[in-house]
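Peer 1: What follows is a predicted structure for the sequence shown.
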Amino acid sequence: MMTRMAPETPHGPPAVSPSPRRDPGTRVGAPAPAGLSRPDGTPLRLLVVDDEAPLAELLSMALRYEGWEVRSAGDGSTAVRTAREFRPDAVVLDVMLPDMDGLTVLARLRRERPEVPVLFLTARDAVEDRIAGLTAGGDDYVTKPFSLEEVVVRLRGLLRRSGAVSARPDTVLVVGDLTLDEESHEVSRGGQAIRLTATEFELLRCLMRSPRRVLSKAQILDRVWSYDFGGQANVVEIYISYLRRKIDAGRAPMIHTRRGAGYLLMPAEGT
């Protein structure tokens, strides 16, 4: 995820550098890094504030790929209102907004959420601008142009330091009573070990990285399998059924189907 934002131009939003052509043998949709979550296992909440819609959407997509819940705002007033309702765990905040500057937005956010970490986005690279943002209470900043990966890495650091995330190692994914260790490949539910094939493990990892989020068959194919099945999306149905026999058999179901949309995994009732 090394897409880099090109500098702003006077004729439109920042351009995005094209991704290099993939070798046919390269794994498609390689998994994202192990996701962070709240201590209760629910997704972290991120608010992206930027008046450039294409940039805001790219950032939101990158953060959702981490398994986080994301909302966006295009101006300061909307950002303050959304933060009040959404109660984000962290905010990505552009310094230049159409109705008020980012420092003013930060001050208003901190009146109600003094602990929420804020990562500034700025096209300015002067030392005094960086100092102003940090002095006003910003926790970190990224100067445009930047890579999406850099934003994600900095947010991960801010979230860890803020105490908003689980103290479990990043290699362990937890949803309800279901646990998956990405290093040891151990899976358990309710403390009972579950043996999975390599493909079943990758499918479960894909679902657990985006808990409560519906993933389409196309998204699952892209992230789990290393090549295009030529429209044979029923392979997803087959492996979902395999997983259900091992994960949900005799227990309250965690894997759910949304007809016409896809599949999602969420904590079972009562866990």
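Peer 2: Thanks, I have it.

Peer 1: tell me the mean pLDDT for stretch 208-224?
Peer 2: Mean per-residue pLDDT for stretch 208-224: 88.

Peer 1: Over to stretch 263-271?
Peer 2: pLDDT averaged over stretch 263-271 gives 85.

Peer 1: same thing with stretch 145-155?
Peer 2: What stretch 145-155 shows for mean pLDDT is 83.

Peer 1: cool, stretch 38-45 as well?
Peer 2: Mean per-residue pLDDT for stretch 38-45: 83.

Peer 1: For it, measure first residue to last.
Peer 2: 9 Å (CA to CA, to the nearest Å).

Peer 1: in it, what's buried?
Peer 2: Residues of stretch 38-45 classed as buried: 41, 43-45 (neighbour count, 16 or more other CB atoms under 10 Å). (C-beta placed from N, C-alpha, C; glycine too.)

Peer 1: between those residues, which is closest to residue 204?
Peer 2: Distance to residue 204 across the buried residues of stretch 38-45 (CB to CB) is lowest for residue 41, with 15.0 Å.

Peer 1: in terms of contact, does that closest one touch residue 267 like I think?
Peer 2: Yes: here residue 41 reaches residue 267: they are 6.8 Å apart, a contact under CB atoms under 8 Å.

Peer 1: what do these two both touch?
Peer 2: 175-176, 211 (CB atoms under 8 Å, 6 or more residues apart in numbering).

Peer 1: Nearest to residue 76, out of those residues: which one, please.
Peer 2: residue 211 (31.1 Å).

Peer 1: residue contacts, the closest one?
Peer 2: Per CB under 8 Å, 6+ apart, neighbours of residue 211: 37, 41-43, 67, 175, 264-267.

Peer 1: Those residues in helices, which ones?
Peer 2: Per DSSP state H, helices hold no members of the contacts of residue 211.

Peer 1: Of these, which pair is most distant in space?
Peer 2: 37 and 264 (15.4 Å).

Peer 1: before we move on, back to that, out of the contacts of residue 211, which comes closest to residue 243?
Peer 2: Using CB to CB, the contacts of residue 211 come closest to residue 243 at residue 265, 9.0 Å.

Peer 1: In the protein, what helix or strand scores lowest on average pLDDT?
Peer 2: Least confident helix or strand of the chain, by mean pLDDT, DSSP states H and E, is helix 127-135 with a mean of 60.

Peer 1: what's the neighbour count on residue 110?
Peer 2: Around residue 110 there are 15 other residues, counting by other CB atoms under 10 Å.

Peer 1: Please identify which helix or strand holds it.
Peer 2: If you go by DSSP states H and E, residue 110 is part of helix 102-112.

Peer 1: Packing partners of that helix?
Peer 2: In terms of contact count using 3 or more CB pairs under 8 Å, 6 or more residues apart in numbering; DSSP states H and E, helix 102-112 is assigned the packing partners helix 76-86, strand 90-94, strand 118-122, helix 127-135.

Peer 1: hey, which of these is tucked in deepest?
Peer 2: Of all the helices and strands packed on helix 102-112, strand 90-94 carries the top mean neighbour count, a mean of 26, counting by mean count of other CB atoms under 10 Å.
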